[in-house]
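1. output the structure for:
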Amino acid sequence: MTKADRRLRPGPFVSTLMSSFSNPHFMYLFSLKNGKKRLAYGQSPEDALEIISYRLTTEEMDEIVRDDYIKISQRKLQEYVDDLA
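-> Numbering: from 1, shown residues only. Here you go, the predicted model:
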């Protein structure tokens, strides 16, 4: 057995490419059609939308205005808490 064979291998839902240590991720606030905001996390706005789509319904995804977003830092998140859906 080689050293490579002894390494833990990621399962079907885990990817070594998703590590935020080697690939920085950011927080994005997307506007919703009802005026609220939806927080998403990813390497890019498109990546953040893909990630959030795993936990939202189709109807909830349709409420997101995909081209109306801002990139925020964790420090600034508190300023937007009242706007979150």
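
2. give the next helix or strand downstream of the helix or strand bottoming out on mean pLDDT in the chain.
-> Lowest by mean pLDDT, DSSP states H and E among the helices and strands of the chain is helix 3-6, with a mean of 51. Going down the chain from helix 3-6, the next helix or strand is strand 26-32, by DSSP states H and E.

3. helices or strands next to that next one in the packing?
-> Applying 3 or more CB pairs under 8 Å, 6 or more residues apart in numbering; DSSP states H and E, we find strand 26-32 packed against strand 37-42, helix 45-53, strand 64-72. Heads up, the C-betas are built off the backbone N, CA and C, glycines and all.

4. buried residues in the last one?
-> This points to strand 64-72. Within strand 64-72, the residues scored as buried using 16 or more other CB atoms under 10 Å are 64, 69, 72.

5. Asn34: what secondary structure?
-> Three-state assignment for Asn34 (DSSP: H, G, I helix; E, B strand; the rest coil): coil.

6. quick check: pLDDT value at it.
-> For Asn34, the model assigns a pLDDT of 95.

7. ok, now the one 5 residues further on?
-> As summarised for this prediction, Leu39 has a pLDDT of 96.

8. and for Arg75?
-> Arg75 carries a pLDDT value of 88.

9. that one should be in a helix, yeah?
-> Yes - secondary structure assignment places Arg75 in a helix (three-state DSSP).

10. now the residue nearest in space to the middle of the chain, which residues is it bridged with?
-> Closest residue to the average C-alpha location of the chain: Tyr41 at 2.5 Å, with CA atoms, centre = their mean. Beta-bridge partners for Tyr41, by DSSP bridges, are Met27.

11. just checking, it touches Ile51?
-> Yes - between Tyr41 and Ile51 there is a contact at 6.4 Å, judged by CB atoms under 8 Å.
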